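*Asks:* dropping a prediction and its sequence here:
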Amino acid sequence: FKSILTYDRTHASYAWENLAVLQHNDKQLDAAIETMRIAAKSGNPRQQTRLAVYLDEAGKTEEAKQILVKILERRPEFDKARFRLLLFLEREGNWAAILPVSRDGMKYNPNDGLYQFFYGEALIQAGEVEAGLEMFRRCARYDLPKTVTDHIAATLKSYADSQPKTP
């Protein structure tokens, strides 16, 4: 397969990507990463995002995040890279970094409620509670995963319960 790819470079990045997927599915993560590095040289943001996912799986999250940031510098509207970056940052609890990433997500993907959720949570984490709660209230119009809607509901209830009751 590699010999054919070396010989015929027509649409080679897609073929390299398919080889990497096969290697990944076969639990050959190191080989999949090296093959995706070849595919990602094409500049295709989808292939570069796949490389970042594989790198993260291998524990190379910093390199993965750098790749995603570079993709977003070139293609700020590329949703797959932004979403992956948010997941990596959330896992780290890096809400300060999530704030601008999710804000830009709302700008480039205004109909994706997950960006409003992440932005709302980042605002709350930054101490801008009222603004964050307002973002959570806006999330009600989106069909979000149950874990997200449960978190939003619990957060809104928690803050409502902590408010003094008016007679």
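*Replies:* Yep, that arrived.

*Asks:* what's the spacing between the nearest residue to residue 115 once chain neighbours are set aside and residue 77?
*Replies:* Take residue 115 and drop its neighbours on the chain: the residue closest to it by C-beta to C-beta, 6 or more residues apart in numbering is residue 105, 3.3 Å away. (Each C-beta comes from the backbone N, C-alpha and C, glycine too.) Look at residue 105 and residue 77: by C-beta to C-beta, to the nearest Å, they are 10 Å apart.

*Asks:* kindly list the longest helix within the chain.
*Replies:* helix 146-161 (DSSP state H).

*Asks:* ok, back up a step: what about residue 105 and residue 77, which has more around it?
*Replies:* Set residue 105 next to residue 77 and count neighbours by other C-beta atoms under 10 Å: residue 105 wins out with 25 against 13.

*Asks:* does the more buried one lie in a helix or a strand, and which?
*Replies:* Using DSSP states H and E, residue 105 sits within helix 95-108.

*Asks:* check residue 143 too.
*Replies:* Using DSSP H and E, no helix or strand contains residue 143.
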